[in-house]
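1. Fold the following, please.
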Amino acid sequence: MDPFKNMGDWKRNMDHFFGDSFWNEFEGVLKPTLPQVNLYQKEKEIVCIASLPGVSDLKNIDIFVNHATLEIRGSIDMKEAEGQVVREEILHGHFERKIDLPFPVRREKVDASYQRGLLVIRLHRLMKKDNKKTRLEIVDMED
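-> Numbering: from 1, shown residues only. Modelled structure (predicted):
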């Protein structure tokens, strides 16, 4: 027996009773954050891999680095998604994600590339304090 099988009906009933805003408090519990990321730490480098399938224009993705914080913003559009939703497992829409890094990183030594739905960001350890925020350009590896 699947305990989540009737979750959609249950959620619709709760929406009707409490209103749509009730679920905003449970967003991260019921639905994973977007984009999903993996962080890998080396001695002097952090590699962040973000799952961003369906991005057609990389200029709509913003990446910011500020000392020990990485921000990724943008949207994933599913143009083919029309009609009544029967099942929806692929996350899409606008997203904004702030990720605390294990150590401060250098603004001028960050690389971002995108290939096959994965955004790979390489960040290098900062040896001195720097509080400026910089927007990164993404290299499209599909071309």
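2. Go through the host helix or strand of Arg106 and flag the buried ones.
-> In this structure, Arg106 sits in strand 105-115 according to DSSP states H and E. Residues 105-107, 110, 112, 114 are the ones in strand 105-115 that count as buried (16 or more other C-beta atoms under 10 Å). Every C-beta, even on glycine, is put in place using the N, C-alpha and C of the backbone.
3. who does it pair up with?
-> Taking DSSP bridges as the criterion, strand 105-115 pairs within the sheet with strand 118-125 (antiparallel), strand 139-140 (parallel).
4. buried set for the longest one?
-> Residues 119-125 are the ones in strand 118-125 that count as buried (16+ other C-beta under 10 Å).
5. next helix or strand past that strand?
-> With DSSP H and E, the next secondary element past strand 118-125 is strand 134-135.
6. Would you map the helices across this structure?
-> In the chain, the helices defined using DSSP state H lie at 7-18, 27-30.
7. Compare the mean pLDDT across the ones you listed and name the weakest.
-> Across the helices of the chain, helix 27-30 has the smallest mean pLDDT, namely a mean of 56.
8. So what's the residue count around the closest residue to Gln36 other than its chain neighbours?
-> Residue nearest to Gln36 in three dimensions, not counting chain neighbours: Ser51, with 4.7 Å by C-beta to C-beta, 6 or more residues apart in numbering. Counted with other C-beta atoms under 10 Å, residues neighbouring Ser51 total 15.
9. what's across from Ser51 in the sheet?
-> Per DSSP bridges, residues listed as beta-bridge partners of Ser51: Gln36, Leu118.
10. one step back: what is the rounded mean pLDDT of the strand holding Arg106?
-> When pLDDT is averaged over strand 105-115, the result is 90.
11. Distance from it to the middle of the chain?
-> How far strand 105-115 lies from its chain's middle: 16 Å, per C-alpha atoms, centre = their mean, to the nearest Å.
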